[in-house]
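**Q** Compute the structure for the input listed below.
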Amino acid sequence: MAISAEARDYVIDLFSGIGDVTTRSMMGGLCLYSSGQIFAILGSQEEIYLKADGAFAEVLAAEGSEKFSMTRKNGSIGSMGYWTLPDAARDDPELACEWARRALAALA
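**A** Residues are numbered from 1 along each chain as shown. Got it, this is the predicted structure:
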């Protein structure tokens, strides 16, 4: 399933406050970059995930975020270091950008 143009435009607009956001398609989803650094993905089900590990991942987990996971063809479950954008930020560009800045700062 490809990401819809509407979903792509939505996430670019949602994160526009952090500056120049670029995207690249990848494995049915969409990678989001700021200044060449990936900070989030839009999954194939159009769920937004922030890149996180360590302390920042713990903060997201405490907010109720869920870790990205997928079922592989052999039935096993795989996961990556991405966590769902907290629900309160999904329709709040200011809050979404705060979370994106935190993701980028944690990657530095």
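**Q** Next up, the contacts around residue 46.
**A** If a contact means C-beta atoms under 8 Å, 6 or more residues apart in numbering, then residue 46 has 3, 4, 7 as its contacts. The way it works is simple: take the backbone N, C-alpha and C, and place the C-beta from them, glycine included.
**Q** change it to 7 Å
**A** Residue 46 makes contacts with 3, 7, as judged by C-beta atoms under 7 Å, 6 or more residues apart in numbering.
**Q** ok but it is inside a helix, no?
**A** No - with the criterion set as DSSP: H, G, I helix; E, B strand; the rest coil, the secondary structure at residue 46 is coil rather than a helix.
**Q** Let me see the backbone angles for it.
**A** For residue 46, the backbone dihedrals are phi 60, psi 30 (criterion: degrees, to the nearest 10).
**Q** Mean pLDDT per helix and strand in this structure: which one sits at the bottom?
**A** The helix or strand with the lowest mean pLDDT-type score in the chain, counting by mean pLDDT, DSSP states H and E, is strand 67-71 (a mean of 83).
**Q** Tell me the buried residues in that strand?
**A** Within strand 67-71, the residues scored as buried using 16 or more other C-beta atoms under 10 Å are residue 68.
**Q** Would you mind identifying the next helix or strand past it?
**A** Next helix or strand after strand 67-71 toward the C-terminus (DSSP states H and E): strand 77-84.
**Q** For that following strand, buried residues please.
**A** Buried residues in strand 77-84 (16+ other C-beta under 10 Å): 82, 83, 84.
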